[in-house]
Each structure stands twice: as structure tokens, then as C-alpha cells.
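[1] Here is my input; please provide its structure:
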Amino acid sequence: MSVDLLDAVDKEILDFVQKEIPLVAEPFKVLAEKVGISEEEFIERLNKMKGESIRQISAICDTKALGYKSSLVAARIAPDKLDEMAKVFNQHPGITHNYKRNHDFNLWFTIAVPPNSRFGLEKTVEILGEMANVESIRILPTLKLYKIGVQLDVKKESEANAKAAPTYTEEMRQAAMNMELTDNDIKAILELQKDLEITSRPFDVLAANANMTTDELLGHAHKLVERGQMRRFSAVLNHRKAGFRANGMGVWNVPEEQANEIGLKMGSFRAVSHCYLRPTYPDWKYNIFTMVHGRDMEECESILQAIEDETGITDRITLYSTKEYKKTRVSYFTPEIYEWEEEVAQRLGL
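    Residues are numbered from 1 along each chain as shown. Modelled structure (predicted):
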């Protein structure tokens, strides 16, 4: 269902479900009461939006807190080979987002590998780069997290310079990385990362799959949230179908001694969904990355201009995605990555 066809109640529902879905046996009943409608109507409306405005409903875990190594990667590929070579990267199960962007570095993707990967992150990226015959490839890991968490202004209530405190911080991530996962935690994650069925008691099926009671599964889910290994359980919206047709990655050249102060300021903008400090290279001078989503490029630019006006940082460019090659979620503790690594190792004699 296009955002143009959504009424005020639908938009209210989208605001609630993208923030958080309660980790209780009947979550939609709780949300329906907040919206002021019946559970039956809430579920009916949600089901109509699923697959359209709503992409998925599941656990949003912190990749690094689960022991995975992850990074943003930029590649420069001959333009006439880009579409073909994007398919090479897409074959890796740990690559979840892969876009063509308007820059000499024209392919941008995110990748995650498990802690027991036979290649590790750097070697995996090197192998992929060789397989795709890239001209250059740069690993851009997060050096510091200032903000993470998409919260789209579906009801269009916020100004470009509106502020919102981050709900997940670098300190929370670092603390979560020191927490060990038990076998039962992993069993719970394997189920909670699945797309949630929109029914009155949706966690019952997941619990049965994990050979747990619903209370046991939800107990593990609460612990994962408390420890910061799961940031929240919520819906991920289909940005374009929710009316946000442009996503601009504003990248900024910030003096090293100001990076922390400026990063925190940039992350405080409500319209910024991700804000990170990343490394620089001789052919890449931008160290702070801010992701914004807008209804069009003009809205993205107004947000980035508001950030520029407030911080005084003017050395920036905006990278817009001009083609989406892949957009999915990391699937944790599943066998696909190991199968890819085994196949590649045999084929390349590694």
C-alpha cells in the first residue's frame, strides 16, 4: 500500500511499529490500545501494509555485539561492468545492502562475517574485489558510533533541524560486546530474526521452533535487549513505499580534533538515521558519515544543509543511491556464509 493511500491511523501504526514492538505474548493488542482501535483492526491494517510500506518485522540486533565483524565498503568499478559485478558481491550471504551511488567509488555495500569465518572480513573483501575485478576497494569500518536507528517521519511532523536523542550509543555497544552469548541465546536469535507473523500471538510459533515456551523465548529476548545485543524488536519500513524515495549519504571532512564533538552534534538530528566516524584514505578524505532519508533529494539536502549550518562544516558531498542491487537483513548463525566460503575456497584453491 503506497503511503499516499494511508490514512492517519495507518501512519500512527507505522510510527509505533518502527519504534518498537512490545516483547509480550500479545504485542499487537498492546499497540492497538495505544492507537485507540481494536486488536482485530490493528492486525488487519498491519497485514495490508506488510510487503508494501512494511518490509519486515523482526529483531534488530547489533552485529558487532554478536561477535560479527562488519563494515561499509566502497568499490570503484568500470561503469560498463557495474551491474554485472554487483552480482558477484550479492552472492555473499553477509552482504545485506548493495547500492550504486553517484561517485567514482560507485558501488557501496555493507558486509558482515561471523567470528569463526575462515577468511575474516579483510580477506573476504579482498577475495570479492579480485572476483569482481575492481579498480579500487576501500574498507570503511565504524571507528565510533554516534547514532544508529531509522525512525522515519511518516506523519511529516518534524522540521529539518529537529533533534532526537540516540537510543543506542557507542558505550552501549562496547558493553554489549563484552557479554557472552549462551547456546539458548543463539537459539532465540535464530527465531527472533525471522519475519514475524502478524497474528494475535505471533511469538508462539517462534518459541515452538526453538523448543521453548513463549515466556522463555521472550525472557531471552528481554535479556538480549538489556545487554544491548538486540537494539529493539520492530518493523523495518520499505522506505520508498513509505514515501521516502531518496536516501542521501552525507559524508563530511571534519578535522580530527573536532570529530567527536561534531559527530555527536550530527547524530542528534532526528532525520539522521546513522552517524559514524570512519577511516580516511589518500583517495577518500571524508571521515564522518550521516545517512538521511527524504521524500526527495530536495528534502535530503535541506536536512544536510541544516547540519552544515549548525556545525559549520562545509566540506561535504552527498552520495545518493541510484540503483539498489540488494537490500536484506543479516541472518545470524545460519550456515549460508560457511557454505559460500567452502565453495570459494575450493574454487580458488585457498
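[2] can you pull the buried residues of the helix or strand of the chain with the lowest mean pLDDT?
    Least confident helix or strand of the chain, by mean pLDDT, DSSP states H and E, is helix 170-177 with a mean of 88. Under the neighbour-count criterion of 16 or more other CB atoms under 10 Å, helix 170-177 has 170, 172, 173, 176 buried. Where you see a C-beta, it was placed from the backbone N, CA and C, and this is true even at glycine.
[3] which non-adjacent residue is nearest the second one?
    Right, the one you point to is residue 172. Closest residue to residue 172 apart from its sequence neighbours, by CB to CB, 6 or more residues apart in numbering: residue 228 at 4.5 Å.
[4] and the gap between the one you found and residue 127?
    31 Å (CB to CB, to the nearest Å).
[5] Looking at these two, which has the bigger crowd around it?
    Neighbour tally, residue 228 and residue 127, criterion other CB atoms under 10 Å: the higher count belongs to residue 228, 21 against 17.
[6] partners of the longest strand seen in the chain, with directions?
    The longest strand of the chain (DSSP state E) is strand 316-327. Paired neighbours of strand 316-327 in the sheet (DSSP bridges): strand 95-101 (antiparallel), strand 246-252 (antiparallel).
[7] With just CA atoms, put that strand into CSV.
    Written as CSV, here are the backbone C-alpha positions of strand 316-327 (Å, rounded to 0.1, in the frame of the first residue of the first chain):
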residue,chain,number,x,y,z
ARG,A,316,31.0,17.6,2.3
ILE,A,317,29.4,15.7,-0.6
THR,A,318,26.1,13.7,-0.8
LEU,A,319,26.1,10.2,-2.2
TYR,A,320,22.7,9.2,-3.5
SER,A,321,21.8,5.7,-4.3
THR,A,322,20.8,5.5,-8.0
LYS,A,323,20.3,1.7,-8.1
GLU,A,324,19.5,-0.8,-5.4
TYR,A,325,21.2,-4.2,-6.0
LYS,A,326,20.4,-5.8,-2.7
LYS,A,327,18.7,-4.9,0.5
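[8] from what I can see residue 289 touches residue 274, true?
    Yes. Using CB atoms under 8 Å, residue 289 is in contact with residue 274, at 7.0 Å.
[9] Those two: which is more packed in?
    Higher neighbour count among residue 289 and residue 274: residue 289, with 22 against 18, using other CB under 10 Å.
[10] follow-up on the earlier one: out of the buried residues of helix 170-177, the closest to residue 254 would be?
    Set against residue 254, the nearest of the buried residues of helix 170-177 by CB to CB is residue 170 (16.4 Å).
[11] Now do the contacts for the closest one.
    By CB atoms under 8 Å, 6 or more residues apart in numbering, residue 170 lies in contact with 144, 145, 146.
[12] Buried subset of those residues, written for ChimeraX?
    In ChimeraX, a selection of the buried entries from those looks like this (16+ other CB under 10 Å):
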select :145,146
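[13] Export the contacts of residue 170 to JSON lines and append columns for pLDDT and distance to residue 22.
    What follows is the contacts of residue 170, written out as JSON lines (pLDDT from 0 to 100; distance: CB to CB, whole Å):
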{"residue": "144", "pLDDT": "96", "distance to residue 22": "31"}
{"residue": "145", "pLDDT": "94", "distance to residue 22": "26"}
{"residue": "146", "pLDDT": "94", "distance to residue 22": "28"}
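[14] Can you flag which of the contacts of residue 170 belong to strands?
    Members of these lying in strands (criterion: DSSP E): 144, 145, 146.
[15] from those, which single one is nearest residue 205?
    residue 145 (33.4 Å).
[16] State the number of residues packed around the residue nearest to residue 165 when sequence neighbours are not counted.
    What sits nearest to residue 165 in space, not counting adjacent residues and going by CB to CB, 6+ apart, is residue 268, at 7.1 Å. Applying other CB under 10 Å, we find 19 residues neighbouring residue 268.
[17] same question, residue 63
    Residue 63, neighbours per other CB under 10 Å, totals 21.
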